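Q: Give me a 3D structure for the following:
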Amino acid sequence: MPASGDTISVIIPLYNRRDEIGRAVASALGQSHAPHEIVVVDDASRDGSAEAVAALGEKRVRLLRHAHNQGAAAARNTGIAAASGDWIALLDSDDEWMPEKLARQLAALRAASDAPAAGVTGYTIRDYRTGEERSFLPRPEDATLDALVWGCPLGVGSTLLARRAVFAEIGAFDAELPRLEDWEWLMRYLPAHRLGVVPEPLTIVHKASDPSRAQVFTSVARIRARHRDNWYRRAWLAGRKFDSTLLVEEAAAAHYEGANGRAAALALKAFAAYPLRPGLISLLARRSLRQRARS
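A: Numbers count the residues shown, from 1 in each chain. Down below sits the predicted model:
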């Protein structure tokens, strides 16, 4: 049994993932550090996802249901509000964990001299469209506010382990954001807290699609309004970097939907905002080649 103060509630937002949810739940149940509970929040699925969870018959799995679809951020918030563990671990319904994920992550956070209130692990992305598999192994410098100005590659939705109390302090995920809600939450967390990292690929992220342009543009507009002034108050260059990142997010979303003219215009604006942005030209070149390969 977990020691006092070490109980973990796993939160899984669920929407139309009937065929994937069993894999996610099984990976949570199979942890060497057994979770106290697994809270699955069905966000008004229409494909029998909730029924698939109920059919598992596992006593540690709690199923909550939204009457109307509210988005992943709202579903996570519902789960966090209902959780009783000392720690909150997030897992997306189409992803999975390696068996030692929670144990290694909790041990690392406990062993750190400054006792971070939250941490992330490395992960492997499996892209079913291309067969590509790649891993991201975060370094401590990747999990700082300075690094966050370039975006958020940390996979928070399936790698975050955080003290439950920190959500009362920092606030919940912004339920008005259809995308990028993890990035926005970290912008509120990191100014006052450190984020621990375990640079091992302990999470598997399954990818079969890209975000819609409408969702990304909506989220970028809200994040711009909420956080742009904060970045400029930190430093003028930080604000320019942030402007560049928001434009790159919009350019990528346009590119994914085949609006390449719009993507190119946004990319040029990103370059104008901060010409020294690391890897911008090579990133755009890689995406262009990838798009040609798909067409």
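
Q: Which strands and helices lie in contact with the helix or strand that contains Phe271?
A: Element membership for Phe271 (DSSP states H and E) is helix 260-273. Applying 3 or more C-beta pairs under 8 Å, 6 or more residues apart in numbering; DSSP states H and E, one finds that helix 260-273 makes contact with helix 236-256, helix 280-294. Yep, even glycine has a C-beta here, placed from its N, CA and C like the rest.

Q: Those: lowest mean pLDDT?
A: Lowest mean pLDDT of the helices and strands packed on helix 260-273: helix 280-294, a mean of 48.

Q: what stretches of the stretch 1-150 of the chain score poorly on pLDDT?
A: 1-4 (pLDDT under 70).

Q: got it, and the stretch 151-295 of the chain?
A: Scanning the stretch 151-295 of the chain residue by residue, the ranges that satisfy pLDDT under 70 are 279-295.

Q: what is Leu63 paired to in the beta sheet?
A: Val40 (DSSP bridges).

Q: Quick check: it vs Pro178, distance?
A: 23 Å (C-beta to C-beta, to the nearest Å).

Q: Give me the neighbour count for the residue lying closest to Lys101 once chain neighbours are set aside.
A: With sequence-adjacent residues excluded and distances taken as C-beta to C-beta, 6 or more residues apart in numbering, Lys101 is closest to Leu202, at 4.0 Å. Close neighbours of Leu202, defined as other C-beta atoms under 10 Å, add up to 22.

Q: Next up, phi/psi of Leu202, please.
A: phi -90, psi 0 (degrees, to the nearest 10).

Q: just Ile88 next, same as before
A: The phi/psi pair for Ile88 (degrees, to the nearest 10) is phi -110, psi 130.

Q: That one reaches Ala165, doesn't it?
A: No. Using C-beta atoms under 8 Å as the test, Ile88 is too far from Ala165 to be in contact (9.6 Å).

Q: show me where the stretch 51-200 of the chain has strands.
A: Applying DSSP state E, counting those that start in this stretch to the stretch 51-200 of the chain gives strands spanning 61-65, 87-90, 96-97, 118-127, 133-136, 161-163, 195-207.

Q: so which of the ones you listed comes closest to Ser9?
A: strand 87-90 (5.7 Å; C-beta to C-beta).

Q: In its sheet, which strands sit next to that closest one, and in what direction?
A: With DSSP bridges as the test, strand 87-90 pairs up with strand 8-14 (parallel), strand 161-163 (antiparallel).

Q: Only C-alpha atoms, please: export that strand in CSV.
A: These are the backbone C-alpha positions of strand 87-90, laid out as CSV (Å, rounded to 0.1, in the frame of the first residue of the first chain):
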residue,chain,number,x,y,z
TRP,A,87,-1.4,13.5,-5.9
ILE,A,88,-3.1,13.9,-9.3
ALA,A,89,-1.7,12.0,-12.4
LEU,A,90,-3.1,12.9,-15.8
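
Q: Centre of the chain to it, how far?
A: 12 Å (C-alpha atoms, centre = their mean, to the nearest Å).

Q: what about Glu250, neighbour count?
A: Neighbour number of Glu250 under other C-beta under 10 Å is 24.

Q: Could you find the closest non-adjacent residue to it?
A: In space, Glu250 is closest to Leu266, 4.9 Å off (C-beta to C-beta, 6+ apart).

Q: Leu247 is in contact with the one you found, correct?
A: Yes. Using C-beta under 8 Å, Leu266 makes contact with Leu247 at a distance of 5.2 Å.

Q: Pull up the gap between Asp229 and Ala238, please.
A: Counting by C-beta to C-beta - Asp229 and Ala238 are separated by 11 Å.

Q: out of these two, which sits in the more crowded spot?
A: Using other C-beta under 10 Å, the more surrounded residue of Asp229 and Ala238 is Ala238, with 17 against 11.

Q: Tell me which residues touch that one, please.
A: Neighbouring residues of Ala238 by C-beta atoms under 8 Å, 6 or more residues apart in numbering: 149, 231-232.

Q: From these, list just the buried residues.
A: 149, 231 (16 or more other C-beta atoms under 10 Å).

Q: Next step: the contacts of Ala238 restricted to helices.
A: Among the contacts of Ala238, the members found in helices (DSSP state H) are 231-232.

Q: Dump the contacts of Ala238 into CSV; add distance to His36 as well.
A: As requested, the contacts of Ala238 are exported to CSV (distance: C-beta to C-beta, whole Å):
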residue, distance to His36
Val149, 36
Trp231, 38
Tyr232, 42
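
Q: and of the contacts of Ala238, the nearest to Arg188?
A: Trp231 (12.9 Å).

Q: ok, the nearest residue to that closest one once chain neighbours are set aside to Ser49 distance?
A: Leaving aside its sequence neighbours, Trp231 sits nearest to Phe242 (C-beta to C-beta, 6+ apart; 4.1 Å). Distance check for Phe242 against Ser49: by C-beta to C-beta, it reads 37 Å.
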